[in-house]
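[1] Any chance you could fold what I've pasted below:
(chains A and B)
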Amino acid sequence: MKNKTKAYITGISVLFSAIMALNVYADDYPLKQVSEGIYYHQGAQEDADQHNKGEIANTGFIMGDKCIAVVDSGGSYLEGKALLGAIREKSDLPICYVINTHAHPDHFLGNAAFKDTGATFIGNAKMPAAIEARKSFYETRFQEILGKYFKGTEFIEPTLLVSVDKPITIDLGDRELVLNSYPTSHTDNDLTVLDKKTKTLWAGDLLFVKRIPALDGSINGWLATIKKLEAMKLNAVIPGHGPAQYKDWHQAFDAEEHYFLTIREQIRAIINDMGTITEATDSVGLSEKGKWLLFDDYNKRNVTAAFTELEWE
Amino acid sequence: MKNLFNIIAISGLMFSFMMPSITRADDQPEEQWETLKEIYFENKTILEDADDWLVIEAPKRAEDAAIVPVHFYSKRPQTDSSYIKSLQIFIDNNPMPYSANFHLSPTLESVDISTRMRIDQYTYIRAVAEMNDGSLHMVKRFVKASGGCSAPAGKDQAAAMARLGKMQIRYRDGGSDEANPVQIVISHPNNSGLQMDLKTRGYIPAHYVEKMVITLDDKVLMDVDTGISISEDPSIRFVLPKGKAGHGLLKAVVTDNQKQIYTIEKQI
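    This is a model prediction of the structure:
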């Protein structure tokens, strides 16, 4: 298993994932090591469907001397189970925490797979309310989208809650993690995980790499949060979607910031001229089109959401 | 009409249980409408003959389930001899399909109205215009559901409550020859009350705008019944008459279902 992981890191990933896809028992849920003791599974850069089984967000875990913390459990019970299986191939240590970076289905619907591990579920203090407000809608939608891959999925809310700007520290055994919640940014319940030992930041959906960021919170809030995160001293950043970033991690935040600054400026101009949302969605952000995956699926939506926020400035 | 939405809330919920779980763009079923038609129009004839003059503009796909811009306009002027008396909006597959009713008169001279609506799933949006002669004319448009994690609930519940009741009148003066757009927007959670309050484990009571009355120099331009199909921070945009008739003291009085009243006025 160790050799395979190494090969994975150093190999040409396209070729290897094709080969490993055949190697069902070991690598149908491949993990990559980001830093010592930190592993992640990179989700498909797509919207959830039955082909990708809803496995579209990055998931993973951090291993201490005493126990393990899962960070994001995936888009279904079945994905959570696959993650648990992949963890168990690496370590038999108990799982003491499941940390949720926010209340989007692709990130936390795998929680049910960890129900019997005794783990404490952690999230932003606003996460339970966000789940309650959206649960019935998401349940219907994702049942439709995932079909049989939705089986066993439950909406499990965090019980250890982290309030905005009141970070907490948890210890996995010679490994301290700092958990921080943010004012409304990607959503109103974002949370990051910082591993003090390796200076690796698990950014959740505060960072999208290559895939266009999806705005479900506040454009102004998110831009302010990007500034805060950019000021950190880090060796690696794991985004919510897309590949982990190493020494050039700033560039990924810069790209995201540039996208939001571009659309914000254009939307403000349209609002000042009494323009409509439709005028904005037809024209705003088009210069960014070639830079992002799923641009056509999300740009209009981002513009719509930002428009109704910026109207109140 | 005032308490219409309270009364129909329950029937709306019944519809949502009756709904088929998957509705595809290619079947575009209309059973829902057959039921709605009976409830709201009894045996009256609704003509589907208005496509050349009454228009619904909406995106093909709801980009954000919580905010779908919808534009209703008539190519015919509102005159004393012929005018739309009410424009009733239905969203077949929403929890409360009966979504809004714009009561209109020739005072506004034209019908050119935009608002923002919640659209949870594949659905028809319909506008039924009742003319001053009592005839009914319908147009409809199909909208696909949003993808991804977009949900009809608001994005920041705490921020919405903190801003509650704040209002804006936005207006562009295009000069005396131009028809001038005006937008009235009120910060309001406009929620359905189907969400659980975590502290009490009870359901949050519904809190939504049920009426907006817009006047110009005390003459009613439109009187609108609204409900939870309207997005958070309800917004109505319309076009004022050209010239002198489009100037004066514009006032909006908004009433929500908890009988809180919000007012804004602006000299334009």
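
[2] Quick check, central residue of chain A?
    residue A:240 (2.5 Å; CA atoms, centre = their mean).

[3] who's in contact with residue A:243?
    By CB atoms under 8 Å, 6 or more residues apart in numbering or on different chains, the contact set of residue A:243 is A:42, A:209, A:210. Heads up, the C-betas are built off the backbone N, CA and C, glycines and all.

[4] Stretch B:208-228: end-to-end distance?
    Chord length of stretch B:208-228, first to last residue, is 6 Å (CA to CA, to the nearest Å).

[5] before we move on, what about stretch B:251-263?
    Where stretch B:251-263 begins and where it ends lie 7 Å apart, using CA to CA.

[6] List the neighbours of it that are in contact with it.
    Under CB under 8 Å, 6+ apart, the answer for stretch B:251-263 is B:5-6, B:165, B:167, B:169, B:184, B:186, B:188, B:205-216, B:218, B:234, B:264-265.

[7] In strands only, show me those residues.
    B:167, B:169, B:184, B:186, B:209-216, B:264-265 (DSSP state E).

[8] so for the strand or helix carrying residue B:223, what's the average pLDDT?
    Element membership for residue B:223 (DSSP states H and E) is strand B:219-226. For strand B:219-226, the mean pLDDT works out to 97.

[9] quick one: it to strand B:209-216, angle?
    Per axes from the mean of the first three to the mean of the last three CA atoms, to 10 degrees, the angle that strand B:219-226 makes with strand B:209-216 is 170 degrees.

[10] returning to that earlier point: buried ones from the ones in strands among the contacts of stretch B:251-263, can you make that a ChimeraX selection?
    Under the burial definition 16 or more other CB atoms under 10 Å in any protein chain shown, those of the ones in strands among the contacts of stretch B:251-263 that qualify are selected in ChimeraX by:
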select /B:167,169,184,186,209,210,211,212,213,214,215,216,264
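
[11] ok, so of the ones in strands among the contacts of stretch B:251-263, who is nearest residue A:193?
    residue B:186 (39.1 Å; CB to CB).

[12] so how far is residue B:188 from the closest residue to that closest one other than its chain neighbours?
    Distances taken as CB to CB, 6 or more residues apart in numbering or on different chains place residue B:167 nearest to residue B:186, at 4.7 Å, with adjacent residues excluded. According to CB to CB, to the nearest Å, residue B:167 and residue B:188 sit 9 Å apart.

[13] again with residue A:192
    Applying CB to CB, the value for residue A:192 to residue B:188 is 32 Å.

[14] Repeat that for residue A:90.
    Residue A:90 is 51 Å from residue B:188, by CB to CB.

[15] more neighbours, the two?
    More crowded of residue A:90 and residue B:188, by other CB atoms under 10 Å in any protein chain shown: residue B:188, with 25 against 17.

[16] Now for the more buried one: which residues touch it?
    Applying CB under 8 Å, 6+ apart, the residues near residue B:188 are B:160, B:164, B:165, B:207, B:208, B:209, B:232, B:233, B:234, B:254, B:256, B:262.

[17] Test my guess that the third one contacts residue B:186.
    This means residue B:165. Yes: counting by CB atoms under 8 Å, residue B:165 touches residue B:186, with 7.1 Å between them.

[18] Quote the end-to-end distance of stretch B:88-95.
    First-to-last residue span, stretch B:88-95, CA to CA: 16 Å.

[19] what's the answer for stretch A:152-160, then?
    Termini of stretch A:152-160 sit 23 Å apart (CA to CA).

[20] And that stretch, what's buried?
    A:153, A:155, A:156, A:157, A:158.

[21] Is residue A:174 part of a helix or strand, or is it coil?
    Of the three states, residue A:174 takes coil according to DSSP: H, G, I helix; E, B strand; the rest coil.

[22] one step back: name the member of the contacts of residue A:243 with the most neighbours.
    residue A:209 (25 neighbours).

[23] Contact partners for it?
    By CB under 8 Å, 6+ apart, the neighbours of residue A:209 are A:239, A:241, A:242, A:243, A:245, A:252.

[24] same thing with residue B:234?
    B:115, B:116, B:185, B:186, B:188, B:190, B:209, B:212, B:226, B:254.

[25] Pairing partners for the first one in the sheet, please.
    By that I understand residue B:115. residue B:70, residue B:236 (DSSP bridges).

[26] could you check the distance from it over to residue A:310?
    18 Å.

[27] Ok, the last one next?
    Distance, residue B:254 to residue A:310, using CB to CB: 22 Å.

[28] cool, the fifth one as well?
    When CB to CB is the yardstick, residue B:188 and residue A:310 sit 18 Å from each other.

[29] and if you look at the fourth one?
    Using CB to CB, one obtains 17 Å as the distance from residue B:186 to residue A:310.
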